[in-house]
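Trainee: pasting a predicted model and its sequence here:
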Amino acid sequence: MATAAANQGAELPPPPGFRVGHWTDERGATGCTVVIAPEGSLAGVDVAGGAPGTRETDVVGPLAGTDSVTAVMLAGGSAYGLAAADGAMRWLERNGRGHVTPAGLVPIVPTAIVYDLAEGDPGARPDAAAGEAACEAAREGIPARGRVGAGAGTAAGKGLGRERATPTGVGYAALRGSFGFTVAALAVANPFGDVLAEDGSVLAGVRAADGEPAPRTADLLAKLQRDIEPTPPSEGNTTLVCLMTDAPLDKAECARVARAGSAGLARAIDPVFTDVDGDVVFCVASGRERPAGRFPTLQAQALAATVTAAAIRDAARSARGS
């Protein structure tokens with residue numbers, strides 16, 4: 001059933017009004033990806049990794065006074081890539097989008113980054129111009145996947161170094177529940193650990209050396225010797241997810257659906273949420289008409305975990321064909 005869900009998700013677009021755009025530097029092996037939300041959308045976030053790189057995540061928390069989100073930016077370039085949000089803000093302001101203040105619009109653009117500096121040119125980083133270009137390219141419908149945008153320089157299975165890791169990228173999946181709303185996930189997979197298939201086998205991980213079987217990252221960590229100081233990973237690792245839904249969620253529920261989405265990371269990545277991963281899940285909700293009862297929120301949480309896992313696996317599979 002998990003495979004069927006993943007296949008169905010690849011054919012179902014995000015809810016109406018959501019637009020996704022990429023800017024890709026193929027030579028530098030980096031990029032950025034923006035999700036522009038429908039007007040009036042609310043958002044929540046779950047930061048589960050030990051080494052996150054973020055901007056404006058607090059403002060979409062359930063205790064913040066701001067009641068809307070304009071866009072979500074996912075970027076490569078490590079902390080330098082946070083500058084892509086500046087360009088997104090400029091583009092959104094020009095197009096009349098943002099939080100209304102007495103002195104004008106202020107676009108709310110929560111942002112998270114992955115570390116990809118070791119993949120291509122370490123001096124190639126998404127900047128404000130890249131963020132603007134991603135917004136200009138944003139369209140409704142099923143987004144481009146594979147080695148594009150923020151996934152242009154990503155990889156999985158770095159337990160024996162980047163040179164033995166497997167390229168990944170951007171993945172996507174979506175499902176529609178019985179209450180009539182859609183939950184879609186856009187994932188940028190760059191974990192220290194392995195991406196696992198539905199049956200638990202490794203989709204993307206440490207590559208085998210000549211004449212040797214490919215080891216699992218979890219097994220490598222389990223075999224570390226107590227009397228030998230292990231060499232720490234020389235780079236950061238992060239999986240980013242943006243959930244898009246037209247479910248009628250309030251801000252606190254968005255945060256709880258984002259947290260449920262993090263369960264999908266645990267299904268598809270092993271090990272996950274480590275000290276060298278900056279895993280972040282956003283949930284952006286555009287729904288307004290609210291049915292009675294708690295079951296719609298529970299359904300959104302269940303779908304969030306399923307599509308998150310499917311999108312991460314799609315990031316590994318799509319990278320092979322890009």
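Mentor: All right, it came through fine. Here the structure is a predicted model, which is why all the values come from computation and not from measurement.
Trainee: tell me the strands in the stretch 151-300 of the chain, going along the chain?
Mentor: Secondary structure of the stretch 151-300 of the chain (DSSP state E, counting those that start in this stretch): strands at 155-156, 166-167, 170-176, 182-188, 194-196, 202-204, 240-245, 269-270, 280-285.
Trainee: in TSV: those, plus mean neighbour count.
Mentor: (C-beta placed from N, C-alpha, C; glycine too.) As requested, these are arranged in TSV below (neighbours: other Cβ atoms under 10 Å):
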stretch	mean neighbour count
strand 155-156	28
strand 166-167	20
strand 170-176	26
strand 182-188	31
strand 194-196	27
strand 202-204	24
strand 240-245	31
strand 269-270	24
strand 280-285	31
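Trainee: residue 145 - nearest residue in space that isn't next to it in sequence?
Mentor: In this structure, residue 145 finds its nearest non-sequential neighbour in residue 318, 4.1 Å apart by Cβ to Cβ, 6 or more residues apart in numbering.
Trainee: ok so that neighbour is a helix residue?
Mentor: Yes - with DSSP: H, G, I helix; E, B strand; the rest coil as the criterion, residue 318 is part of a helix.
Trainee: before we move on, the earlier item: nearest to residue 99, of the strands of the stretch 151-300 of the chain?
Mentor: The closest of the strands of the stretch 151-300 of the chain to residue 99 is strand 280-285. By Cβ to Cβ, the value is 14.6 Å.
Trainee: what lines up beside the closest one in the sheet?
Mentor: In the sheet, strand 280-285 lines up against strand 42-47 (antiparallel), strand 240-245 (parallel) (DSSP bridges).
Trainee: same list (these) but as TSV, adding mean pLDDT and distance to residue 23.
Mentor: As requested, the strands paired with strand 280-285 are exported to TSV (pLDDT from 0 to 100; distance: least, Cβ to Cβ, whole Å):
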stretch	mean pLDDT	distance to residue 23
strand 42-47	95	22
strand 240-245	98	16
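Trainee: dump the strands of the stretch 151-300 of the chain to CSV, plus distance to residue 314.
Mentor: Formatted as CSV, these follow (distance: least, Cβ to Cβ, whole Å):
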stretch, distance to residue 314
strand 155-156, 13
strand 166-167, 14
strand 170-176, 3
strand 182-188, 7
strand 194-196, 10
strand 202-204, 10
strand 240-245, 12
strand 269-270, 13
strand 280-285, 16
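Trainee: any idea how far the spatially closest residue to residue 123 that is not a sequence neighbour is from residue 81?
Mentor: Nearest non-adjacent residue to residue 123, counting by Cβ to Cβ, 6+ apart: residue 28, 7.6 Å away. Going from residue 28 to residue 81 by Cβ to Cβ, to the nearest Å gives 12 Å.
Trainee: give me the beta-bridge partners of residue 187?
Mentor: residue 171, residue 241.
Trainee: looks like it contacts residue 317 (just checking).
Mentor: No - using Cβ atoms under 8 Å, residue 187 is not in contact with residue 317; the gap is 11.7 Å.
Trainee: any shared contact partners between the two?
Mentor: Applying Cβ atoms under 8 Å, 6 or more residues apart in numbering, one finds that residue 187 and residue 317 are jointly contacted by residue 171.
Trainee: doesn't residue 56 make contact with residue 112?
Mentor: No - using Cβ under 8 Å, residue 112 makes no contact with residue 56, being 9.8 Å away.
Trainee: okay, those two: which has more neighbours?
Mentor: The residue with more neighbours, out of residue 112 and residue 56, is residue 112; 32 against 20, by other Cβ atoms under 10 Å.
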